[in-house]
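S.K.: Structure for this input, please:
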Amino acid sequence: MHTSRTAITVTAAIATAALLGAADTAAAADSAAPSTPASAPAKATAKAPTGDGARALCKRLPKTDARIDRALRRLNGPATVRGSIARLQKRVDNAAAKGDTAVETYLKDKLAFRTSLVPTLNHRSTDLAAVRTWCGTQSFAAKKSAK
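M.R.: So this is what the prediction gives:
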């Protein structure tokens, strides 16, 4: 058993040395070979993308718009809606009333983030309206949304 382990180690060392020697030989051959001009086109090994994804964007535009609208409705909802800013504000107030400063701080940070989502989502909704207009001018117009 000890012999076979030694044989495997020696074989691995020889194979590594052979690979390193081949790499040095290839590097020497590369440095001796004339370099190709920079303007020569490189061979593409992978299939290049055929477009910028506009067709797919226009196709999924209604679902994206619905997702943003749903998030805005939830965030702007009353205190009875899970995930709303009003509900989280109520939780912050309750933590402050109980004197749980650690919980209050955590919830305030969460409230600040959630509040910052509203302008971001409104901006995205405005951007999507412009994309919808652009998609309408293309041959691959977006589906009509359920608005």
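
S.K.: Give me the neighbour count for residue 88.
M.R.: Neighbour count of residue 88, defined by other C-beta atoms under 10 Å: 20. Quick note: C-beta positions are derived from backbone N, CA and C, even for glycine.

S.K.: any idea how far it lies from residue 76?
M.R.: Residue 88 sits 12 Å away from residue 76, going by C-beta to C-beta, to the nearest Å.

S.K.: can you check residue 118 too?
M.R.: Plainly put, residue 118 is 7 Å away from residue 76 if you go by C-beta to C-beta.

S.K.: shared neighbours of those two, anything?
M.R.: Each of residue 85 lies in contact with both residue 118 and residue 76 under the rule C-beta atoms under 8 Å, 6 or more residues apart in numbering.

S.K.: And the helix or strand containing residue 116, what does it pack against?
M.R.: Residue 116 belongs to helix 101-137 when assigned by DSSP states H and E. Applying 3 or more C-beta pairs under 8 Å, 6 or more residues apart in numbering; DSSP states H and E, one finds that helix 101-137 makes contact with helix 54-75, helix 85-98.
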